[in-house]
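In: prediction below, plus the sequence it came from.
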Amino acid sequence: MSEINKPLNFIEKIIEEDLKTGKITKIQTRFPPEPNGYLHIGHAKSIVLNFGLAQKYQGQCNLRFDDTNPVKEDIEFVESIKKDVQWLGFEWQDEVKYTSDYFDQLHDWAVYLIEQGKAYVCDLNQDETRKYRGTLTQAGQNSPYRSRSIEENLNLFSQMRAGDFDEGHCALRAIIDMSHPNMQMRDPILYRIKKVSHHQTGDKWCIYPSYDYAHGQGDSIERISHSICTLEFEEHRPLYDWFIENLPVPSTPHQYEFSRLNVNYTITSKRKLKQLVDEKVVDGWDDPRMPTISGLRRRGFTPQSVRKFCELAGVTRTDGVVDVATLEFTVREDLNENVPRAMCVLNPLKVILTNYPEDKVEILHAPGHPFKDGFTPRVLPFGREILIDQADFREAANKKYKRLVIGKRVRLRNAYIIEADAAIKDADGNIIEVHARIIEDTVGKNPTDGIKAKGVIHWVSAADNIDCEIRIYDRLFTQAEPEAGGADFMQCINPDSLKIIKGCKVEKAIAIDQREVQYQFEREGYFIQDSQDSHTDKLIFNQTISLRDTWAKINKS
RNA sequence: UGGGCCGUCGCCAAGCGGUAAGGCACCGGGUUUUGAUCCCGUCAUUCGUAGGUUCGAUCCCUACCGGCCCAGCCA
């Protein structure tokens, strides 16, 4: 509703024009992943675009697995992809579709092309094919098999299908133009022999259609109105159109290209992501440092935040690199609004409140959320011994430091104001505990002597808390563009991308029985219980993102 | 060096002949029991460069410069 003034992106403009002129009456899009790996943030943009457009214009979007190359694909990936699309919050139309659903039709159309004298079986091997194709600046040469008769081609193609030839022995090619300046038009391959079984069609086929031959026809069969893909497919468009024009297809879809999403300090290449997994730089495809959808999910990013990020990035034809800070902004924005608060001390330092009775325990209260209703209020046991973070105490400090300092006061969040008296040290001079006093009657109010506390720190009861492990993540790469100029991204892996902190103490009130519960641990950041390794007897939280930290900047300067 | 595409603030991105939206980041200030949030405010006399057309150009023309993609029986 608040988007009335939001400018349309170029695809939306095309759609609105098509709708206005009556060129089309219903928007139909599709998200066509190849099930050969896990989806990443770049795919998220395509998903948000395709499903989003269908939603916006009351059309529909198909999920279609582009499964034309069984040697690289696996059913494992179709399952993870379905899960990721659903997690992002989208629903595809009808059943999941597969390009392989159309193998029969595609085959018949290939025969049709042969009958029209527009396709031939070529016996050139891969090496020869490359040589005949020419180069970027030199025209190619016609294959010596290009002029076979229709009958011979029909025969050969049926033998190909029957499995009479070995892999690589021959291929079906379109007859277009070997001297075309667009390399894609130099008699592209339609079918190749691959004697492998397919995750959907089993052993029915030993020839498989190429992407170029299959994609547009699949779009046509599904009545796709706008076939949206990334820029690198732009030079395939004339070929896409050639098939649509030369085949008796049921509809005439059109391809539009947009620039793919790049994010700094990360990589979005299935091959390179796989390398990180294979070489154990990360724990797996869903490692919280991975830019995969499953990694983002495990890290604690929400579907809304990922969608918002994709929308913020925009849809254009300009190559660009979006700042990862934008993604961090969208998660913080979402989590701040929708996640309950709790206190967790990462690096505990004991504080003994010397004027507080030894056996007294008070029950203090805190809201589940500072500015939204509907969150369960918290109950905080308060006693003589509490834990604060080591970073929140200094023996002496200048005025800018607004935390606990000897002789100074600080507010314990949701509790008393305290004043520090002494730091107790061990033989090596390390501070092992702090002696302090509470200022009476300061829960929920300021002291009567008028001396307020400068700052607020978080704490947890020393006697009554839950132990947990916290995993802090940092960017995986030290360079903003790990892939720039063909650089070796493995050379700029951040050695400190994962920091594990054990012995953290979190308040009792948290819901440890729920997997993937998220909290803002006040003054620290947003955390989510790890979906793989956390158990009720061994709690583990992943830091999704820290809070914005102005103090860190001040402290540095 | 053949063909295609792209160049507006540090990063995204509107604008499409009438005199530079917005978001992120950054930097100031205010509120605050999270140094968070929230709220205000600053932030492109200039649109890759050079010419040209025009009363007027980021928008039109020309040339140049820079970047990306294409020579898989991958998608």
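Out: In hand now; what should we look at? Numbering: from 1, shown residues only, chains lettered A, B, ... in the order given.
In: would you mind listing what in the stretch 351-500 of chain A touches RNA strand B?
Out: Applying CB under 7 Å from any atom of the strand, we find that the stretch 351-500 of chain A lies next to RNA strand B at A:370-371, A:400-403, A:411, A:413-415, A:442-445, A:455-456, A:485. No exception for glycine: its C-beta is placed from N, CA and C like everyone else's.
In: quick one: low-confidence parts of chain A?
Out: Residues of chain A meeting the criterion pLDDT under 70: A:1-5, A:557.
In: re the thing from before, from the residues of the stretch 351-500 of chain A next to RNA strand B, which ones fall inside helices?
Out: Taking DSSP state H, every one of these sits outside helices.
In: and these, which of them are in strands?
Out: Judged by DSSP state E, those include A:411, A:456 as members of strands.
In: just the buried residues from the residues of the stretch 351-500 of chain A next to RNA strand B, in PyMOL please.
Out: Buried residues among these (16 or more other CB atoms under 10 Å), as a PyMOL selection:
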select buried, chain A and resi 401+402+403+411+414+415+442+443+455+456
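In: need the contact list for residue A:176.
Out: Residue A:176 makes contact with A:185, A:186, A:187, A:188, A:239, A:242, according to CB atoms under 8 Å, 6 or more residues apart in numbering.
In: return only those of those found close to RNA strand B.
Out: residue A:188.
In: which of the contacts of residue A:176 sits closest to RNA strand B?
Out: Using CB to the nearest atom of the strand, residue A:188 is the member of the contacts of residue A:176 that sits closest to RNA strand B, with 6.9 Å.
In: which ones are touching that closest one?
Out: Each residue near residue A:188 by CB under 8 Å, 6+ apart is listed here: A:173, A:174, A:176, A:210, A:212, A:213, A:239.
In: once you drop chain neighbours, what's closest to the last one?
Out: I take that to be residue A:239. Closest residue to residue A:239 apart from its sequence neighbours, by CB to CB, 6 or more residues apart in numbering: residue A:184 at 4.9 Å.
In: also the fourth one?
Out: Using CB to CB, 6+ apart and skipping the chain neighbours, the partner closest in space to residue A:210 is residue A:189 (5.1 Å).
In: quick one on the thing from earlier: the residue nearest to residue A:239 and residue A:235 touch, don't they?
Out: Yes - with contact defined as CB atoms under 8 Å, residue A:184 reaches residue A:235; the gap is 5.3 Å.
In: related to what we said a few turns ago, so who does the residue nearest to residue A:210 touch?
Out: Contacts of residue A:189 were listed using CB under 8 Å, 6+ apart, and they are A:171, A:172, A:173, A:210, A:212, A:213.
In: go again using 6 Å as the cut-off
Out: A:171, A:173, A:210 (CB atoms under 6 Å, 6 or more residues apart in numbering).
In: measure the closest residue to residue A:442 other than its chain neighbours to residue A:83 for me?
Out: Excluding its sequence neighbours, the residue lying closest to residue A:442 (CB to CB, 6+ apart) is residue A:417, at 4.3 Å. Counting by CB to CB, to the nearest Å, the gap from residue A:417 to residue A:83 is 49 Å.
In: which of those two has more neighbours?
Out: Applying other CB atoms under 10 Å to residue A:417 and residue A:83 shows that residue A:417 carries more neighbours, namely 22 against 14.
In: and the more buried one, its phi and psi?
Out: Dihedral pair for residue A:417: phi -90, psi 140, per degrees, to the nearest 10.
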